[in-house]
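Asks: with the input below, show me the fold.
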Amino acid sequence: MLSISFTLPRNKLIKMGIILLILATLDALFTDFGIQNHHITEANPIMRSIYEANVTGFYIIKIALPVLLIGIVSKIESRPFILILLNVAIFLYVIVLILHFFWLTLALIPH
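Replies: Model (predicted):
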């Protein structure tokens, strides 16, 4: 039986992981700013409890998870579904950042 293996270049997956890392870092920075200035609250109950316990831990987790993902995709055989999952994660982070920009704009416009 003929087996067709479709793999993506690891460089593309690593670049996507780096994009995810940048988006996650921006999310952490904007979230921290919003919480510190009483503009927003953390919606994720797990991250909220981590933030309340230790802000540094919040940043470590937000940044470490994409770094771990970059390490994983650099070691495993790449598959199309990994690309799909990375695209979905990037899309969701972009939506979250749009929400951050929305509340940030509202918060910083003089009333």
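Asks: and the residue nearest the centre of this structure?
Replies: Centroid check for the chain by Cα atoms, centre = their mean gives A24 as the closest residue, at 3.2 Å.
Asks: surely it is in contact with A64?
Replies: No. In this structure, A24 is not within contact of A64 by Cβ atoms under 8 Å, at 9.4 Å. Every C-beta, even on glycine, is put in place using the N, C-alpha and C of the backbone.
Asks: ok, back up a step: so who does the residue nearest to the centre of the chain touch?
Replies: 62-63, 65-66, 93 (Cβ atoms under 8 Å, 6 or more residues apart in numbering).
Asks: quick one: pLDDT of it?
Replies: Listed pLDDT for A24 reads 95.
Asks: tell me which element it is part of?
Replies: Assigned by DSSP states H and E, A24 falls within helix 10-36.
Asks: buried residues, that helix. List them.
Replies: 13-14, 16-17, 19-21, 23-24, 27-28, 30-32, 34-35 (16 or more other Cβ atoms under 10 Å).
Asks: what is the subsequent helix or strand relative to it?
Replies: helix 45-53.
Asks: in the chain, where is pLDDT below threshold?
Replies: 1-8 (pLDDT under 70).
Asks: longest helix in it, by number of residues?
Replies: Secondary structure of the chain per DSSP state H: the longest helix is helix 80-108.
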